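Trainee: mind looking at a prediction? Sequence and model below.
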Amino acid sequence: MEPRAGQWARVAGAFLVLAAVAAAWWAIDRRPPEWDHANHLERAVLCERDLRTGDVRAILERSSFYPPLVICLAGAASMAMSIEAAGALVMIAFLGLGMAAVYVLGSAAGGGSVGLTAALLFGTAPFVVFSTLRFQLDLPLAALVALGLVALSATDDFTRWGRAALFGVVCGLGMLTKPTFALYLLAPAVLLLARSRRRGLAGAALAVLVAAMLSLPWFGPRIFGLGAQLEARAFAQAAEAGHPDPLTLAGLAFYPRLLVFQMGFGATVLLAVGLVVAAARRKFVLLTAVVAPFAVLGLIQNKNLRYALPLLGGAAVVAALGLGAVPRGGRRAAAVVLVVFGVAQVAAVTTGVPPSVWVPGLGTWWLPATPPERVDWRHAEILALLERDRRGAPATISVVPNFDRFSVSNFRFYATRDGLGLRFVRAWDDPPLGIDYMVLKTGEVGPTWTAEKSRRVATRLATDPHLARVFPVIGEFPLPDGSLATVRARRMQPVTGTAPAAIAAAVEAGLRRRLDDVARDIEGLEIRLVYDEAILAGRITRAEVRAAAATLSEYTRPAVTARLAVRDVTLAFEDLLVNPWSAVAEGRFDPLDAGRVRLETATITVPALQTYLAGLKRFRRSTVSAEGDALGVVVRVAGPDVSARVRLRSAADRPVVLEAANVRVGGVPVPAALVNWVIRHFDPFPRIAGRMPFPVELGDVRMADAAVRISHRP
């Protein structure tokens with residue numbers, strides 16, 4: 001039997017080869033970072049700046065769903081190198097940690113040879129190699145899951161407190177990598193705890209306490225909103241993206257069908273054998289660590305191979321047990337075949353040689369080939385054009401396509417990395433409110449669930465000459481896929497041959513018609529425009545809309561059922577910018593921007609507010625009542641109900657501030673220091689303010705006579 005030192009040397013040697021291949025790939029590749037890859041790199045840049053200034057609060061508050069551990073490791077590394085190189089270094093380091101942990105896990109399950117085989121199977125798995133070339137959180141999560149299984153096995157059913165505490169440390173770090181970490185360790189941990197027959201309760205409690213202490217600074221403020229986010233990502237967003245229902249054949253077969261794509265052909269065959277071997281040898285903890293999360297992932301509608309990546313460490317150990325079941329005479333030949341497969345997989349993923357082939361029976365490619373690219377997608381030139389054209393003024397840019405190499409994500413990353421101070425948003429809804437520039441692309445524009453919106457914008461510009469007039473093309477850039485990128489800038493040319501009063505009349509008439517999109521049952525409607533000669537270029541000093549009563553909603557979206565009845569309402573637009581050409585030619589009200597929007601007066605009765613809440617999916621079971629100068633609110637969600645006495649206050653940075661008192665969760669009073677942890681997840685106004693293209697303010701807000709009353713504030 002080969003000494004452990006020799007086996008460790010082989011694992012280290014294999015890792016160094018894989019690290020060198022990955023480093024060479026990262027050095028050659030020039031493709032823009034894609035979607036989440038770009039988003040994580042952007043956050044790493046921001047974390048590097050927070051680390052330099054010592055702004056811990058900003059680090060903890062930066063994201064609502066993705067914890068900061070891996071991202072800030074890259075941020076810290078970027079103090080000594082480029083952010084791209086830092087991202088590569090972090091991914092390669094976690095590959096090494098994963099291979100080491102899998103080796104230890106395999107050695108404990110079946111001896112050093114099993115550990116060595118498992119580490120090699122894990123390191124050369126096609127999807128592991130592919131993930132090493134992307135700055136994502138799932139390879140680090142896979143490494144920490146494997147390390148967690150090692151630490152869990154060492155606790156002796158949670159009876160060794162020191163090792164249980166160490167397991168808690170790993171769990172805390174895993175949770176700070178991605179909130180789904182618990183999914184992969186929960187089932188084997190519960191199995192060990194049940195096997196301990198209460199002897200491990202204290203050790204398990206210690207592990208939970210240590211993990212909670214490590215992760216609480218980040219999870220604490222998010223604890224009440226995380227469940228809703230997980231549910232939305234697991235099902236609601238998956239349905240929007242067109243994923244099959246989880247209990248259909250397509251849904252259940254997704255991960256089994258792609259095992260070869262993830263693990264490789266040889267490892268998949270051995271995994272099937274290893275499952276039988278592991279069951280025969282009563283390796284139930286290892287089996288549970290692989291099978292239980294695999295089953296849960298199969299029942300979640302949102303399917304992505306990245307979610308199954310953390311299972312590959314345990315699966316590699318099971319596959320290595322399968323190799324041990326091969327008769328001794330054929331074991332060496334099988335090992336040689338596995339080495340050949342491993343080398344071929346690494347080469348095919350990183351260079352495209354041998355080429356990936358389509359596997360008809362499985363409906364997938366053999367492996368995720370991703371040879372490095374050297375082509376230029378012209379981001380730097382487009383950003384330079386935007387910088388020259390805006391001349392230091394604030395600018396909001398709508399990146400219309402959602403193509404992986406040409407999307408808002410990679411534009412935003414490059415702008416953040418280079419400190420340009422530009423604001424990027426996705427494809428605009430009609431009309432393009434607050435948009436200073438548009439970046440468009442012909443040809444392929446992204447996944448099917450976002451492509452329709454991108455094409456709708458392009459069609460609108462092609463068919464509406466009045467919109468195209470105020471957003472002329474200022475730059476064109478041929479792209480590597482044969483498409484053409486165009487940059488449009490808002491240019492307000494004054495209308496000629498028309499009196500200001502005629503434009504004002506057309507704008508008012510168009511506004512009256514457009515109100516039908518957002519308001520019905522309108523009584524006593526009055527519209528007043530304050531303007532001068534600047535209206536020829538679409539600029540209106542003030543537009544004021546008054547109504548004795550109205551029912552507000554998003555009537556253009558039939559799925560929106562929430563309706564809000566208001567009385568005595570006054571809405572004012574200050575420094576309003578409209579399209580004067582469409583107003584004159586077609587009598588349309590096409591707003592483009594505003595300096596500020598103020599809801600100056602309104603009365604909303606408590607019954608009307610209750611009816612509105614009943615139309616919101618998230619709050620339809622919630623209740624609101626009048627309690628003197630405050631609202632009594634009970635939010636009924638999955639889990640314990642949340643109740644509070646809420647006052648509304650005007651604010652400069654958002655429409656309204658919620659001031660909560662007497663907050664209870666499941667009837668238990670919440671300490672004042674923790675009130676914000678609870679209320680922040682039910683307060684929509686910061687998110688509304690973040691999405692609005694211009695400031696939105698309310699007049700003075702107070703509760704009186706069982707109604708929310710907004711009064712004019714000079």
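Mentor: Yep, it's here. Numbering: from 1, shown residues only.
Trainee: report the rounded mean pLDDT for stretch 182-191.
Mentor: Summarised as a single mean, pLDDT over stretch 182-191 is 96.
Trainee: actually stretch 438-452, sorry about that
Mentor: Mean predicted lDDT for stretch 438-452 stands at 94.
Trainee: and it, how far out from the chain middle?
Mentor: Centroid displacement of stretch 438-452 relative to its chain, using C-alpha atoms, centre = their mean, to the nearest Å, is 19 Å.
Trainee: would you indicate which residues of that stretch are buried?
Mentor: Across stretch 438-452, burial judged by 16 or more other C-beta atoms under 10 Å covers 438-441, 444-446, 450-451. All C-beta atoms are positioned from the backbone trio N, CA, C, and that covers glycine.
Trainee: from the rest of the structure, what touches it?
Mentor: For stretch 438-452, the surrounding residues in contact (C-beta atoms under 8 Å, 6 or more residues apart in numbering) are 240-242, 382, 397-404, 406-407, 411, 427-428, 432, 454-455, 457-458, 461, 471, 479, 481-488.
Trainee: out of the residues you listed, which sit inside helices?
Mentor: Using DSSP state H, the subset of these located in helices is 240, 382, 411, 454-455, 457-458, 461.
Trainee: mind listing the strands for the stretch 401-550 of the chain?
Mentor: Taking DSSP state E, counting those that start in this stretch as the criterion, the stretch 401-550 of the chain carries its strands at 423-425, 437-441, 473-478, 484-489, 519-523, 526-530, 539-552.
Trainee: picking up where we left off before, save the buried residues of stretch 438-452 as CSV, and put in distance to F341 too.
Mentor: Below are the buried residues of stretch 438-452 laid out as CSV (distance: C-beta to C-beta, whole Å):
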residue, distance to F341
M438, 48
V439, 43
L440, 44
K441, 39
E444, 33
V445, 37
G446, 34
T450, 37
A451, 37
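Trainee: nearest to D516, of those?
Mentor: Ranked by distance to D516 (C-beta to C-beta), the buried residues of stretch 438-452 are led by M438 at 27.1 Å.
Trainee: and the closest one, how close does it get to V473?
Mentor: Noted for M438: a distance of 9 Å to V473, by C-beta to C-beta, to the nearest Å.
Trainee: list the contacts for S82?
Mentor: Counting by C-beta under 8 Å, 6+ apart, S82 touches no other residue.
Trainee: now, the most widely separated pair of the buried residues of stretch 438-452?
Mentor: Using C-beta to C-beta, the buried residues of stretch 438-452 span at most 18.0 Å, a distance reached by M438 and E444.
Trainee: CA atoms only for the helix or strand containing V45, dumped as PDB, please.
Mentor: Assigned by DSSP states H and E, V45 belongs to helix 35-53. Only the C-alpha atoms of helix 35-53 are listed here, as PDB (Å, rounded to 0.1, in the frame of the first residue of the first chain):
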ATOM      1  CA  TRP A  35     -24.200  37.600 -15.700                       C
ATOM      2  CA  ASP A  36     -23.600  36.400 -12.100                       C
ATOM      3  CA  HIS A  37     -19.900  36.100 -12.900                       C
ATOM      4  CA  ALA A  38     -19.900  39.800 -13.700                       C
ATOM      5  CA  ASN A  39     -22.200  40.700 -10.700                       C
ATOM      6  CA  HIS A  40     -19.900  38.900  -8.300                       C
ATOM      7  CA  LEU A  41     -16.800  40.600  -9.700                       C
ATOM      8  CA  GLU A  42     -18.500  43.900  -9.400                       C
ATOM      9  CA  ARG A  43     -19.200  43.300  -5.800                       C
ATOM     10  CA  ALA A  44     -15.600  42.100  -5.200                       C
ATOM     11  CA  VAL A  45     -14.500  45.500  -6.600                       C
ATOM     12  CA  LEU A  46     -16.800  47.300  -4.100                       C
ATOM     13  CA  CYS A  47     -15.700  45.100  -1.300                       C
ATOM     14  CA  GLU A  48     -12.100  45.900  -2.000                       C
ATOM     15  CA  ARG A  49     -13.000  49.600  -1.600                       C
ATOM     16  CA  ASP A  50     -14.900  48.900   1.600                       C
ATOM     17  CA  LEU A  51     -11.900  47.000   3.000                       C
ATOM     18  CA  ARG A  52      -9.600  49.900   2.200                       C
ATOM     19  CA  THR A  53     -11.900  52.300   4.000                       C
END
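Trainee: still on that earlier bit, what is in contact with M438 and V473 at once?
Mentor: Counting by C-beta under 8 Å, 6+ apart, the residues touching both M438 and V473 are 487-488.
Trainee: any stretches of this structure with poor pLDDT?
Mentor: Low-confidence segments of the chain (pLDDT under 70): 1, 225, 227-242, 638, 713-714.
Trainee: domain parsing for it?
Mentor: The record's domain parsing of the chain by automatic domain parsing lists 4-217+252-365, 379-489, 495-594, 598-714.
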